[in-house]
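Asks: Compute the structure for the input listed below.
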Amino acid sequence: MGERVMYQERKGAAGRPSTYLYLPSCSAFRSVDLSDGKGGVEGVGARMVGWAREVFLPQGYPESVSPDYLHYQFWDSMQAYCSSIAGALSLQATLIGLGVGEGTATPLAATLSWLLKDGSGMVASIAFAYWKGTQLDCNSKQWRLFADVTNDLNSLLRLVGPALPVPFLLVLCVSGLLAALVGVAGGSTRAALAVHQARCDNMADISAKDGSQETLVNLAALVTNLTLLPYFTATLSTTWVTFLTCVSLHLLANHRAMRALTLASLNRPRLLHLLSCWAVGGASPAAVPSPADANLAEPLLFGPAFITDYFPHGFRVSIGCSLHWALQRCGGDPGVLYKAASGAFKGQRYMVSEGGGG
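Replies: Below you'll find the model as predicted:
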C-alpha cells in the first residue's frame, strides 16, 4: 500500500494556495482544504480578494513587478478617475459648441467639424513623434507629466470654447492637436514605464492589467458622472468649482505617481545630479546618491529633460550629431574635425570635438 503524497501550489507569494492529496486507495489526486476553518463572510471576502488579485494584478505579483509598482498604480488610478470626471464636464461644453440641442445645427456640420478635428490631430501626432520621439524613453516621467498637463489644458479649452470669440471649429482643431500630443506622449511613456515595471519578461501582462485597472477606474468615474453630473453642472459656479477641483487633484496625483517611480537608468537630469553630488563630495564614492535619491531630486516640469543639449555652467553638450551639424558648430573649419578624427579618436566609432558655434 503506497503512502499519501501532498502537493501544494500558488500563483506568486501573495496567491491563494491550492493543495492536492494523492490517495493510494483510488490512485488519484484530490483537492483538499487546509484553511483554518474560517467561512461565511470572511471566507467569501478572501476568495473575492484572491479573484481581484488575479484579474487586476500581473501574474506572480509582487515578485514579477518592480518594488514601486503598487505605489505608482494607486496614484495612477487616482489621476485617471479625476481626469474622467473633468473630461465629462468638458465634453458637455463641446457638444454645446457643436450645436447639440439647437434647431439650427445640422448633423453634417457637426460631422465635418469632428473630422477636421481628427485630421489636425493626425498631422500633429506625426509631427510630434518625429520631433520628440527619441526623448520619450529616457525622460519618460517628464513627458508623462507633460501629457497630463496638456490633457488638462485641452479639457479647459473645450470647457471655455463655446464662450470664446472665435469660430468653434478653430477650438476643435486646437483641441485635436492637443489630444494628439497627449496620445503620443502618454502612450509612449506608458510603454516605457511598463518596461521598468516588468521583472519577468512580462511587459505585455503588465500593460494588459494596467488597461484593466484603468477600465475599472473609468467605470467608477462613469457611475459618478451619471449620478452627479446634473448636480455638477446645475450652475456655472458649481461647474467651475468641480472642474478646477478635479484638475488640481489630477495634477497632484500625477506628480505623486511620478515621484513614486524609482528608475534605475540614468538620463540627463539624474546624471547631472549624480555628477554634482560626486563633485561636491570631493569625488568620493560615498557621495554618489542612490537611485531613489536621484529620482527624488530629478526635476519633472522644467530643466534639462526638455533641453536636448543642456549642460550646466554655460556648456552645451550634443550627442550623436551628424558631421554636417558638427562642421557648422566649428565655424565651417574641417581642420578641427580632421585633427580629432586622425588623432586621439582614430579608428574609433565616435569622436569628441569642441566647437564655438554656441
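Asks: Alpha carbons only: can I get stretch 129-144 in PDB?
Replies: Provided in PDB are the C-alpha atoms of stretch 129-144 (Å, rounded to 0.1, in the frame of the first residue of the first chain):
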ATOM      1  CA  ALA A 129       6.600  61.800 -32.800                       C
ATOM      2  CA  TYR A 130       9.200  63.000 -35.300                       C
ATOM      3  CA  TRP A 131      10.200  65.900 -33.200                       C
ATOM      4  CA  LYS A 132      10.400  64.300 -29.700                       C
ATOM      5  CA  GLY A 133      10.200  60.600 -30.200                       C
ATOM      6  CA  THR A 134      13.700  59.900 -29.100                       C
ATOM      7  CA  GLN A 135      13.300  61.700 -25.900                       C
ATOM      8  CA  LEU A 136      10.200  59.800 -24.600                       C
ATOM      9  CA  ASP A 137      12.200  56.800 -23.400                       C
ATOM     10  CA  CYS A 138      14.900  58.400 -21.300                       C
ATOM     11  CA  ASN A 139      12.700  61.200 -20.000                       C
ATOM     12  CA  SER A 140       9.600  59.200 -19.600                       C
ATOM     13  CA  LYS A 141       8.500  60.700 -16.300                       C
ATOM     14  CA  GLN A 142       8.800  64.300 -17.600                       C
ATOM     15  CA  TRP A 143       6.900  63.600 -20.800                       C
ATOM     16  CA  ARG A 144       4.300  61.600 -19.000                       C
END
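Asks: burial of A180, as a residue count?
Replies: When neighbours are defined as other CB atoms under 10 Å, A180 has 24 of them. To be clear about C-beta, it is placed using only N, CA and C from the backbone, and glycine gets the same treatment.
Asks: Now it: which helix or strand?
Replies: Of the helices and strands defined by DSSP states H and E, A180 is found in helix 168-197.
Asks: and that helix, average pLDDT?
Replies: For helix 168-197, the mean per-residue pLDDT is 93.
Asks: what's downstream of it, the next helix or strand?
Replies: That would be, after helix 168-197 and using DSSP H and E, helix 203-232.
Asks: mind listing what's buried in the first helix or strand past that next one going along the chain?
Replies: Proceeding N to C from helix 203-232, the next assigned helix or strand is helix 236-260, under DSSP H and E. For helix 236-260, the neighbour count (16 or more other CB atoms under 10 Å) marks 239, 242-243, 246-247, 249-251, 253-260 as buried.
Asks: thinking again about what came up before, does anything pack onto the helix holding A180? Which helices or strands?
Replies: helix 69-97, helix 107-132, helix 140-160, helix 203-232 (3 or more CB pairs under 8 Å, 6 or more residues apart in numbering; DSSP states H and E).
Asks: Now do the SS call for T262.
Replies: coil (DSSP: H, G, I helix; E, B strand; the rest coil).
Asks: which residues sit in contact with it?
Replies: By CB atoms under 8 Å, 6 or more residues apart in numbering, T262 lies in contact with S66, P67, D68, P291, A292, N295.
Asks: ok, the third one touching L263?
Replies: No - taking CB atoms under 8 Å as the contact criterion, D68 and L263 are not neighbours in contact, 9.1 Å apart.
Asks: By mean pLDDT, show me the worst of the helices and strands packed on helix 168-197.
Replies: Among the helices and strands packed on helix 168-197, helix 107-132 scores lowest, with a mean of 87.
Asks: hmm, back to that, and which of the buried residues of helix 236-260 is nearest to A86?
Replies: Within those, the smallest distance to A86 is 4.1 Å, found for C246 (CB to CB).
Asks: what sits against the closest residue to that closest one other than its chain neighbours?
Replies: Excluding its sequence neighbours, the residue lying closest to C246 (CB to CB, 6 or more residues apart in numbering) is A86, at 4.1 Å. By CB under 8 Å, 6+ apart, A86 lies in contact with D152, S155, F243, C246, V247, H250.
Asks: I'd like to know which of the residues you listed is nearest to Y20.
Replies: Of the contacts of A86, the one sitting nearest to Y20 (CB to CB) turns out to be H250, at 47.9 Å.
Asks: Quickly note the distance from the closest one to R256.
Replies: Separation of H250 from R256 (CB to CB, to the nearest Å) stands at 11 Å.
Asks: go on, F345?
Replies: 45 Å.
Asks: one step back: redo the contacts of A86 as CSV? Include distance to G119.
Replies: Formatted as CSV, the contacts of A86 follow (distance: CB to CB, whole Å):
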residue, distance to G119
D152, 24
S155, 21
F243, 28
C246, 29
V247, 28
H250, 28
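Asks: Looking at these, which one is closest to S18?
Replies: Closest to S18, out of all of those and judged by CB to CB, is H250, at 41.0 Å.
Asks: now G176: how far from L159?
Replies: In terms of CB to CB, G176 sits 16 Å off from L159.
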